[in-house]
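Novice: The amino acid sequence is not available; the structure is as follows:
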């Protein structure tokens, strides 16, 4: 495994030319953003929709219309 790669998809992390590559604790924003958006976390849902509109990210079929979850509602597992 590449040391500086997403544990889920293998994308190289923190690549200046790749806006989906920021390191989110060992996984890329491309994977984490999709998981959070599909899970209904509104900040990520807004960001992912903007990335899709800008052509940065491919469309995601199961994005909710409104996740209903904001920062105070999100269960981060802690």
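Specialist: Looks like it came in fine. Since the structure is predicted, the reported quantities are computational estimates derived from the model, not experimental observations.

Novice: Please name the nearest non-neighbouring residue to residue 23.
Specialist: residue 13 (4.3 Å; Cβ to Cβ, 6 or more residues apart in numbering). Any C-beta I mention is one placed from the backbone N, CA and C, and that applies to glycine too.

Novice: Tell me who's in contact with that neighbour.
Specialist: Contact analysis of residue 13 by Cβ atoms under 8 Å, 6 or more residues apart in numbering lists 4, 5, 6, 21, 22, 23, 28.

Novice: ok, of those residues, which come out buried?
Specialist: In terms of neighbour count (16 or more other Cβ atoms under 10 Å), the buried residues within those are 5, 6, 21, 28.

Novice: so the third one touches residue 33, yeah?
Specialist: Translated: residue 21. No - counting by Cβ atoms under 8 Å, residue 33 is not a contact partner of residue 21; they are 11.2 Å apart.

Novice: Quick one: the helices in this protein, in order.
Specialist: In the chain, the helices defined using DSSP state H lie at 29-38, 42-53.

Novice: Just give me how far the longest one sits from the chain centre.
Specialist: The chain centroid and the centroid of helix 42-53 are separated by 9 Å, computed with Cα atoms, centre = their mean, to the nearest Å.

Novice: now swap in the first one and tell me
Specialist: Here the centre of helix 29-38 is set off from its chain's centre by 3 Å, with Cα atoms, centre = their mean.

Novice: Could I get the buried residue list for it?
Specialist: Buried, per 16+ other Cβ under 10 Å, within helix 29-38: 29, 30, 31, 32, 33, 34, 36, 37, 38.

Novice: Also stretch 47-65?
Specialist: 47, 48, 51, 57.

Novice: rewinding a little: could I get the pLDDT score of the residue nearest to residue 23?
Specialist: What the model reports for residue 13 is a pLDDT of 98.

Novice: go on, residue 62?
Specialist: Looking at residue 62, the pLDDT reads 88.

Novice: Make sure it is actually in contact with residue 38.
Specialist: Yes - under the criterion of Cβ under 8 Å, residue 62 makes contact with residue 38 at 5.6 Å.

Novice: returning to that earlier point: tell me the one among the buried ones among the contacts of residue 13 nearest to residue 43.
Specialist: Proximity of the buried ones among the contacts of residue 13 to residue 43 (Cβ to Cβ) peaks at residue 28, which lies at 17.1 Å.

Novice: I am finished for the moment; much appreciated.
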